[in-house]
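>>> This is a predicted model, with the sequence first.
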Amino acid sequence: MKNTTKKKKEKKLLQVMKIATDQCSDGIVITNAKVQEIKAKIIYTNEAFCKMTGYTYTELVGKTLSKLHGSKTDPKVLAQRRAALSSGHSFNGKLIKYRKNGSEFYNECDAAPVFDSNGEITNYIYIMKDVTERVNFEEKKEEIISVVSHEIKTPLTAINGFVEILKKKLAENSPEKNRKYLSIIKTEVDRLTGLTGELLETTRIKNRGVKPVKKLTDLDEIIRQVIKNVKITASGHKISRRGRIGILVNCDKNRIKQVITNLLTNAIQYSPEAEQVLVHITRQNNHAIVSVQDYGVGIPREKQKNIFEHYYRTADNNLAVSTGLGLYISAEIIRSHGGDIWVESAEGKGSIFSFSLPVS
Ligand code: ADP
């Protein structure tokens with residue numbers, strides 16, 4: 001008697017759960033898990049997933065998810081998913097999949113294993129989103145940015161060249177005022193060139209990643225050179241170097257210079273009331289660690305985790321014209337070297353941006 005009541009209750013619960021998942025706008029797929037993830041059979045799916053793929057419930061149940069795979073479905077991402085789920089971890093990734101009519105769609109998938117009371121994996125659950133529109137929009141956006149940046153860059157290069165010529169011609173016998181105006185034009189052109197460069201570089205990195213050209217490099221010397229260059233435009237701050245590592249590091253010299261320059265100019269920009277900026281260099285086991293420390297506005301704790309994402313800016317800083325691209329580019333450069341980048345910061349007290357590079 002007790003058993004039948006329990007079964008009735010379970011049946012009722014299953015019905016309610018089916019109604020709930022059918023109301024859901026994301027696709028939901030549940031598979032068994034006694035076999036390799038790739039061979040796991042679908043035991044349940046909701047209406048949204050049927051709509052997304054064009055298959056009916058009965059066409060999907062009993063089949064594997066590979067029914068939706070095709071020539072552009074990335075085997076590397078599939079292998080990552082398999083490895084994560086089979087080892088009891090969750091997974092998030094994007095894959096191109098194919099509908100029943102053969103058309104492609106971008107599928108973002110959040111997947112997780114389900115465990116029984118003995119800790120054995122009994123099922124896998126997949127939450128599926130069709131993100132085709134979002135991906136197409138992103139691709140279009142990148143293309144527009146790329147074209148516009150190129151269009152702006154060409155006239156800027158010409159203006160820059162003529163300003164240099166005029167500066168030389170006016171150097172000796174021109175009134176002080178004219179030279180000042182030219183300097184202002186030069187500064188603004190440099191700023192615009194920097195901005196378009198960052199936009200172009202972001203698009204390039206997103207499409208192709210960073211490909212560092214590594215050579216054994218004297219990191220102490222790089223830091224010395226960058227500090228010397230940044231000092232030219234940073235009259236209000238004293239920049240000092242602390243420490244040296246005294247060994248060569250296998251890295252792309254120009255890329256690492258770019259990262260340190262970015263961290264230093266940020267440190268100056270976001271510490272308008274302070275005088276001191278420090279660049280520390282140390283060695284910890286198999287890594288060289290470079291840190292740029294300022295005593296400026298700092299970054300609220302909740303914003304620190306997003307700071308290396310592209311186009312991210314902490315909202316209430318009006319200190320500079322900013323794109324939120326510099327740190328994103330820096331992070332991609334450091335990661336392409338097998339290193340890491342992080343920030344420690346306290347609001348109103350200052351920030352320490354650090355990166356590590358492997359040393360052999
Ligand atoms: P940008 O400075 O062009 O906006 P970044 O990617 O270099 O781009 O920086 C992203 C955001 O991080 C900045 O807009 C700023 O809000 C914050 N930030 C970066 N460096 C510092 C720093 N040293 N102190 C405080 N805030 C910083």
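All right, it came through fine. Residues are numbered from 1 along each chain as shown.
>>> make it CA atoms for all contacts and neighbour counts henceforth
Will do.
>>> ok, and what's touching stretch 133-147?
Stretch 133-147 has contacts (Cα atoms under 8 Å, 6 or more residues apart in numbering) with 106, 199, 200, 203.
>>> and the gap between the last one and residue 196?
Spelled out, it's residue 203. Here residue 203 is placed at a distance of 11 Å from residue 196 (Cα to Cα, to the nearest Å).
>>> For residue 16, state which of the contacts of stretch 133-147 is nearest.
residue 106 (30.1 Å; Cα to Cα).
>>> Chain neighbours aside, what residue packs nearest to residue 48?
Once flanking residues are discounted, residue 48 sits nearest to residue 27: 4.8 Å by Cα to Cα, 6 or more residues apart in numbering.
>>> I'd assumed residue 125 was in contact with that neighbour.
No. Judged on Cα atoms under 8 Å, residue 27 makes no contact with residue 125 at a distance of 10.5 Å.
>>> Now the biggest strand by length in the chain: average pLDDT?
In the chain, with assignment by DSSP state E, the single longest strand is strand 104-115. For strand 104-115, mean pLDDT rounds to 96.
>>> Direction included, what does that strand pair up with?
Paired neighbours of strand 104-115 in the sheet (DSSP bridges): strand 91-98 (antiparallel), strand 121-130 (antiparallel).
>>> Need the residues that contact it.
Identification of contacts with strand 104-115 by Cα under 8 Å, 6+ apart yields 85-86, 88-99, 121-132, 135.
>>> Check stretch 57-67 too.
For stretch 57-67, contacts defined as Cα under 8 Å, 6+ apart pick out 38, 39, 40, 41, 42, 43, 44, 45, 46, 47, 50.
>>> Going by distance to residue 226, which of those residues wins?
Nearest member of the contacts of stretch 57-67 to residue 226, counting by Cα to Cα, is residue 38, at 50.9 Å.
>>> isn't the closest one right up against residue 80?
No. Residue 38 is beyond contact range of residue 80, at 11.3 Å (criterion: Cα under 8 Å).
>>> So which residues of the stretch 101-250 of the chain form strands?
In order along the chain, the stretch 101-250 of the chain carries the following strands (DSSP state E, counting those that start in this stretch): 104-115, 121-130, 215-218, 238-242, 248-251.
>>> Need the ones you listed in JSON lines (columns: mean neighbour count and distance to residue 301).
Formatted as JSON lines, the strands of the stretch 101-250 of the chain follow (neighbours: other Cα atoms under 10 Å; distance: least, Cα to Cα, whole Å):
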{"stretch": "strand 104-115", "mean neighbour count": "20", "distance to residue 301": "27"}
{"stretch": "strand 121-130", "mean neighbour count": "20", "distance to residue 301": "31"}
{"stretch": "strand 215-218", "mean neighbour count": "14", "distance to residue 301": "34"}
{"stretch": "strand 238-242", "mean neighbour count": "15", "distance to residue 301": "26"}
{"stretch": "strand 248-251", "mean neighbour count": "19", "distance to residue 301": "31"}
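>>> Out of those, which is closest to residue 295?
For residue 295, the closest of the strands of the stretch 101-250 of the chain is strand 238-242, at 11.8 Å, according to Cα to Cα.
>>> In the chain, where's the longest helix?
Counting by DSSP state H, the longest helix found in the chain is helix 132-170.
>>> just the angle between that helix and strand 91-98, please?
With axes from the mean of the first three to the mean of the last three Cα atoms, to 10 degrees applied, the angle from helix 132-170 to strand 91-98 works out at 100 degrees.
>>> which residues of the stretch 251-360 of the chain score low on pLDDT?
Filtered on pLDDT under 70, the stretch 251-360 of the chain yields the residue ranges 313-322.
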